[in-house]
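>>> Mind looking at a prediction? Sequence and model below.
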Amino acid sequence: MDLKNKKITIIGAVRSGVGAAKLIKKVGGIPFVSDMADEKHLKEFVDELQQENIKFETGGHTEKVYDCEMMVVSPGVPNNAPVLINARKNHISLISEVELSYRYCKGNIIAITGTNGKTTTTSLCGHVFNQCGRNAFVAGNIGLAFSEIALDVEENEFVALEVSSFQLDLIEKFKPKVAMILNITPDHLYRYDESIDKYAASKQNIYENQDAGDYLILNKDNGTVLKYLKDHKSKSFYFSFINELDNGCFKRNERIQFKKNGKEVFSCNVSDIKIKGEHNLANAMAVICAAKIFKLDNHKIIKALQAFEGVEHRLEFVREIDGVKFINDSKATNIDSVWYALKSFDEPIILILGGQDKGNDYDQIQALVIERVKKIYAIGSSAEKIFSFFHSLVKVEIKKSLEDVTTTVINEARQGDVVLLSPACASFDMFDNYEHRGEVFKKAVNSL
């Protein structure tokens, strides 16, 4: 892609948008960044744009955005946003930041998508490859934007890339060496006309440009992944708790095994995987598939699995006080994530739920709550809904803040209890994002 002296508009001035603008400038293009938010809410990113002498506007999209040959769209901007509708009317090409970055990346891309587990799997993938002596960048929706590192990746290096459905909606040539779909469950349906069909189809875009030299890793146990699977040319590997596979990774008793063409080429103990929960076993199996595609050393893979402690805000151990464990799972922004979190602990759970509701159906976790939860603290704009659903099943108390929860729970919890922040909701009613929510929780716990 030759962008020299070409005007490119970037819609969205947050991390991926600023990264895209800087990449475009480095390759000789003329970037212009536009965001609906006002400047004071974008101060960190505006400062960076000013330092780079990149032109921008905030507080809305003016006619300036259409003076371009292409638009790069940040993942937070919905497809039906008026600025994108008008761009299409003006025959302006729209691509995602992932598509832009792919065009300039020389390395091997391991692209990871799914409703849940993307962040942990991407982090673990980068960790395993690096520990096995294969230089890997970790990017995408986690840490660095892809555009921030795309130009730095050499041909023999790797990118573990977390990719959302929003980014996959606007790809053209994006072609990862390895594509991975961890699972598909209903989420973000407001962006897809409340249609699981459209959401699932968006996830499946991850491998649409792959050829016979590429690889596809899929969850054999997730019916939605298999139901919407499209014809593809890439070689397929699966991971499963249920089926023994000739090409893929599976759990058999307390062992994890990987077979290729029916022959076992890797195995380890379940206990070698340090991160907690069945869902994390699935994430690890997906990574093992990727590692063995590139023939990484078995002993080094196991050592890497044993050392990986997980990611911040995902079943993150915060502190233990008088035998009470506090767990930060702020990244659990949907029901499916909470289901996995509840399955991860055998101890009695005091559960903190609530935030900005996303049409949650609490029936899906009702049985687990009855079985494992001794009390719920409900917070945020969905607190009344949570109270109404659960109060006849388990003790429920509404609190105004996470600080209120922690000061109360420390007097109620008993030795052996787990206090679990796993909200099942978005954070934007009370916090900037799920990271902010998790930091507030950890600060409150550490101040006890």
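Arrived safely. Numbers count the residues shown, from 1 in each chain.

>>> Check which residues of the helix or strand of the chain with the lowest mean pLDDT are buried.
Using mean pLDDT, DSSP states H and E, the weakest-scoring helix or strand in the chain turns out to be helix 196-204, at a mean of 85. Residues of helix 196-204 classed as buried: 196, 199, 200, 201, 202, 203, 204 (neighbour count, 16 or more other CB atoms under 10 Å). C-beta: built from backbone N, CA, C; applies to glycine.

>>> okay, those residues in JSON lines with distance to residue 327 next?
Listed next are the buried residues of helix 196-204 as JSON lines, based on distance: CB to CB, whole Å:
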{"residue": "196", "distance to residue 327": "30"}
{"residue": "199", "distance to residue 327": "29"}
{"residue": "200", "distance to residue 327": "30"}
{"residue": "201", "distance to residue 327": "35"}
{"residue": "202", "distance to residue 327": "31"}
{"residue": "203", "distance to residue 327": "28"}
{"residue": "204", "distance to residue 327": "33"}
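
>>> which residues of the stretch 151-300 of the chain fall in strands?
158-162, 178-181, 215-219, 235-240, 248-252, 255-260, 263-269 (DSSP state E, counting those that start in this stretch).

>>> Export the ones you listed as CSV, with columns for mean pLDDT, distance to residue 407 and mean neighbour count.
Formatted as CSV, those follow (pLDDT from 0 to 100; distance: least, CB to CB, whole Å; neighbours: other CB atoms under 10 Å):
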stretch, mean pLDDT, distance to residue 407, mean neighbour count
strand 158-162, 97, 35, 28
strand 178-181, 97, 42, 28
strand 215-219, 97, 41, 23
strand 235-240, 97, 43, 20
strand 248-252, 96, 41, 21
strand 255-260, 97, 42, 19
strand 263-269, 97, 41, 14
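
>>> Now do the contacts for the residue nearest to residue 244 when sequence neighbours are not counted.
Distances taken as CB to CB, 6 or more residues apart in numbering place residue 250 nearest to residue 244, at 5.5 Å, with adjacent residues excluded. Contact partners of residue 250, counting by CB atoms under 8 Å, 6 or more residues apart in numbering, are 239, 240, 241, 243, 244, 256, 257, 259, 285.

>>> go on, residue 297?
Applying CB under 8 Å, 6+ apart, the residues near residue 297 are residue 132.

>>> Can you report phi and psi for it?
Torsion angles at residue 297 (phi, psi; degrees, to the nearest 10) stand at phi -70, psi 130.

>>> What of the one 4 residues further on?
According to degrees, to the nearest 10, the main-chain angles of residue 301 amount to phi -60, psi -50.

>>> Nearest spatial neighbour of it, chain-adjacent residues omitted?
Residue 301 sits nearest to residue 291 (CB to CB, 6+ apart), 5.2 Å away.

>>> Where does pLDDT dip in the chain?
186-195 (pLDDT under 70).

>>> and it, what are its domains?
With domains defined by automatic domain parsing, the chain comprises 7-97, 105-307, 316-446.

>>> Mind putting the ones you listed into a markdown table with distance to residue 1?
A markdown table is the format used below for the domains of the chain (distance: least, CB to CB, whole Å):
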| stretch | distance to residue 1 |
| --- | --- |
| domain 7-97 | 8 |
| domain 105-307 | 9 |
| domain 316-446 | 31 |
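
>>> where exactly do the strands run in the stretch 1-150 of the chain?
Going by DSSP E, counting those that start in this stretch, the stretch 1-150 of the chain shows strands at 7-11, 30-34, 55-57, 70-73, 93-96, 108-113, 136-140.

>>> the inter-axis angle of the last one versus strand 108-113?
Relative orientation of strand 136-140 and strand 108-113, computed by axes from the mean of the first three to the mean of the last three CA atoms, to 10 degrees: 40 degrees.

>>> Return the residue spatially closest to residue 67, with its sequence-adjacent residues excluded.
residue 7 (6.1 Å).

>>> meant to ask about residue 415, not that
Closest to residue 415 by CB to CB, 6+ apart is residue 323, at 3.2 Å.

>>> Please look at that neighbour and residue 410 and confirm they touch.
No - using CB atoms under 8 Å, residue 323 makes no contact with residue 410, being 11.8 Å away.

>>> Going by how many neighbours each has, rank those two and give me the top one.
residue 410 (16 against 11; other CB atoms under 10 Å).

>>> Quick check: the more buried one vs residue 326, distance?
9 Å (CB to CB, to the nearest Å).

>>> Identify the residues contacting the residue nearest to residue 67.
Listed by CB under 8 Å, 6+ apart, the contact set of residue 7 reads 29, 30, 32, 67, 68, 69.

>>> Pull the contacting residues for residue 254.
So residue 254 contacts 269, 270, 271 (CB under 8 Å, 6+ apart).

>>> Ramachandran coordinates for residue 275?
Taking degrees, to the nearest 10 as the convention, residue 275 sits at phi -70, psi 140.

>>> Apart from its neighbours in sequence, what residue is nearest it?
Using CB to CB, 6+ apart, the nearest residue to residue 275 is residue 310, at 4.6 Å.

>>> picking that back up, for the contacts of residue 250, which one is nearest residue 335?
Closest to residue 335 out of those is residue 241 (20.2 Å), distances taken as CB to CB.

>>> about what we covered before: quick one: which two of the contacts of residue 7 are the most distant?
Taking CB to CB as the measure, these have their most distant pair in 29 and 67, spaced 13.5 Å apart.

>>> Looking at these two, which is more packed in?
Set residue 29 next to residue 67 and count neighbours by other CB under 10 Å: residue 29 wins out with 23 against 11.

>>> Check whether the more buried one really touches residue 5, as I assumed.
Yes - in this structure, residue 29 is within contact of residue 5 by CB under 8 Å, at 7.4 Å.
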